[in-house]
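Engineer: below is the structure, and that's it, no one-letter string:
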């Protein structure tokens, strides 16, 4: 079932049962999530394969933001047997973190949802068009969320709703099953035992002393325009700019296609295929020869005429590059991220500012992703404790995020050397920074170099 139809069905069901909703998923929010999802798949509503093509800008933005966010990211959990189990459970997440972050950046949010599987724990990655946050608290934390599972068996469509609700530190997880013959509705509620893969699930379970729902909710850290505590795509502020960029890209493609070298040739000089009732160019030369009807007389038109006009690619490329720079600004990306870095006609200060803007956005995103992963670790700990999968023990969590996206270390080192030469920066401070020595050893090294002596480490 499509995301909008499923959201409407869930909202209708909960309202009929008198459940109060925060209206987090309004019609506007639902349509936006669908739009971002389609854009990520290169299927924006303006895409027309005959006229407007996709330049794959949304997926490029999401991919680059995810790459910068997770560059050299390190996550370690240790301290006990329980901690080691958590760490091993996170193995797949750590290995594919960049990929999962890209989905979350593109669609605005993502949920890392642990669940019991056999004698261990697995983690399900739920993208924003597959879960339905129904209620939030004042801090923006989800307090009621609906997950869906759906499959088709012949003409029958089976849907399972897994509802997580937190109220007064009581966590209730409810499973409900539905069967329909129509893709647009949930249909009639059925017993879970009717479906073999759901037969072992309980209708409802409740746990006490719980302070948060047992999953990690990642929300891309950007304001949205619909006044709801749900995530917005990393390219949500550039939708109209991306649409225009696709049009300019398509114009550029058409310029090459329309100006492709060819030979206009009279039909009388071509082979007439009686089977298809048309004139044909030599095999393999169909793109080269363009037939026309020669009936004006030899004095007016030649039998053959070259077609090779000039390509105005420079003008089109400039327009497209300028549009990419507008997208970079709207998405808080440094100039040259999407556009040609050699064509960025900006001052040094503007380039520096754009890098700082990008750094701030990536830094905020790392914090948001870390919060989601910390909540995921908390959720894994919850299930380990509930199902007694490991003894109680200490849990130490360490996160490391790369922060070099704004710092060009080689350029910074050259600058520091220049400041030493100019007398602005003491030599020993340069040695401390770039050689990792403490102040006493750095001063000894600096003195030995100044006096022409050999530095010996104690």
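Structural biologist: Nice, thanks for sending it over. Everything quoted here is computed from the prediction, not taken from an experiment.
Engineer: beyond the lowest-mean-pLDDT helix or strand in the chain, next helix or strand please.
Structural biologist: The weakest-scoring helix or strand in the chain, judged by mean pLDDT, DSSP states H and E, is strand 304-307 (a mean of 54). Using DSSP states H and E, the helix or strand that follows strand 304-307 in sequence is helix 313-330.
Engineer: can you give me the helices in the chain?
Structural biologist: 3-16, 27-40, 57-70, 81-89, 91-95, 97-107, 239-258, 313-330, 348-386, 409-421, 427-435, 439-450 (DSSP state H).
Engineer: quick one: low-confidence ranges for the protein?
Structural biologist: 1, 21-24, 257-313, 342-349, 351, 403-411, 450-458 (pLDDT under 70).
Engineer: now the helices of the chain as TSV including distance to residue 206?
Structural biologist: For the C-beta atoms, the positions are set from N, CA and C on the backbone; glycine is no exception. Putting these into TSV (distance: least, CB to CB, whole Å) gives the following:
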stretch	distance to residue 206
helix 3-16	18
helix 27-40	30
helix 57-70	36
helix 81-89	24
helix 91-95	28
helix 97-107	30
helix 239-258	42
helix 313-330	46
helix 348-386	12
helix 409-421	54
helix 427-435	57
helix 439-450	60
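Engineer: which one, of those helices, ends up nearest to residue 175?
Structural biologist: helix 3-16 (14.0 Å; CB to CB).
Engineer: re the thing from before, any chance of JSON lines for the helices of the chain, columns mean neighbour count and distance to residue 119?
Structural biologist: JSON lines is the format used below for the helices of the chain (neighbours: other CB atoms under 10 Å; distance: least, CB to CB, whole Å):
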{"stretch": "helix 3-16", "mean neighbour count": "17", "distance to residue 119": "33"}
{"stretch": "helix 27-40", "mean neighbour count": "20", "distance to residue 119": "36"}
{"stretch": "helix 57-70", "mean neighbour count": "22", "distance to residue 119": "30"}
{"stretch": "helix 81-89", "mean neighbour count": "18", "distance to residue 119": "11"}
{"stretch": "helix 91-95", "mean neighbour count": "13", "distance to residue 119": "16"}
{"stretch": "helix 97-107", "mean neighbour count": "23", "distance to residue 119": "25"}
{"stretch": "helix 239-258", "mean neighbour count": "17", "distance to residue 119": "46"}
{"stretch": "helix 313-330", "mean neighbour count": "18", "distance to residue 119": "49"}
{"stretch": "helix 348-386", "mean neighbour count": "18", "distance to residue 119": "11"}
{"stretch": "helix 409-421", "mean neighbour count": "12", "distance to residue 119": "47"}
{"stretch": "helix 427-435", "mean neighbour count": "16", "distance to residue 119": "51"}
{"stretch": "helix 439-450", "mean neighbour count": "15", "distance to residue 119": "53"}
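Engineer: among these, which comes closest to residue 203?
Structural biologist: helix 3-16 (15.5 Å).
Engineer: walk me through the domains of the protein.
Structural biologist: According to automatic domain parsing, the chain comprises the domains 3-235+359-400, 239-332, 409-450.
Engineer: now the shortest one, how far from the chain's geometric center?
Structural biologist: Relative to its chain's centre, domain 409-450 lies at 41 Å (CA atoms, centre = their mean, to the nearest Å).
Engineer: coming back round to it: tell me which of the helices of the chain sits nearest to residue 395.
Structural biologist: Smallest distance to residue 395 across the helices of the chain (CB to CB): 4.6 Å, for helix 81-89.
Engineer: spatially central residue in this protein, please.
Structural biologist: The residue lying closest to the centre of the chain (CA atoms, centre = their mean) is residue 102, at 2.7 Å.
Engineer: hang on, that one packs against residue 61?
Structural biologist: No. Look at residue 102 against residue 61 with CB atoms under 8 Å: they stay out of range, at 9.8 Å.
Engineer: what sits against the residue nearest to the centre of the chain?
Structural biologist: By CB atoms under 8 Å, 6 or more residues apart in numbering, the contact set of residue 102 is 62-63, 65-66.
Engineer: from those residues, which two are the most distant?
Structural biologist: 63 and 65 (7.4 Å).
Engineer: roughly how far apart are residue 162 and residue 203?
Structural biologist: Using CB to CB, to the nearest Å, one gets 11 Å for the distance from residue 162 to residue 203.
Engineer: who's more crowded, the two?
Structural biologist: For residue 162 versus residue 203, the count of surrounding residues by other CB atoms under 10 Å is larger for residue 162: 17 against 11.
Engineer: quick one: contacts for that one?
Structural biologist: Each residue near residue 162 by CB under 8 Å, 6+ apart is listed here: 146-149, 173-175.
Engineer: also residue 187?
Structural biologist: 157, 159, 178-181.
Engineer: before we move on, the earlier item: can I get the contacts of residue 162 in a markdown table including neighbour count and distance to residue 228?
Structural biologist: Below are these laid out as a markdown table (neighbours: other CB atoms under 10 Å; distance: CB to CB, whole Å):
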| residue | neighbour count | distance to residue 228 |
| --- | --- | --- |
| 146 | 22 | 16 |
| 147 | 20 | 19 |
| 148 | 19 | 20 |
| 149 | 16 | 25 |
| 173 | 18 | 24 |
| 174 | 15 | 24 |
| 175 | 17 | 27 |
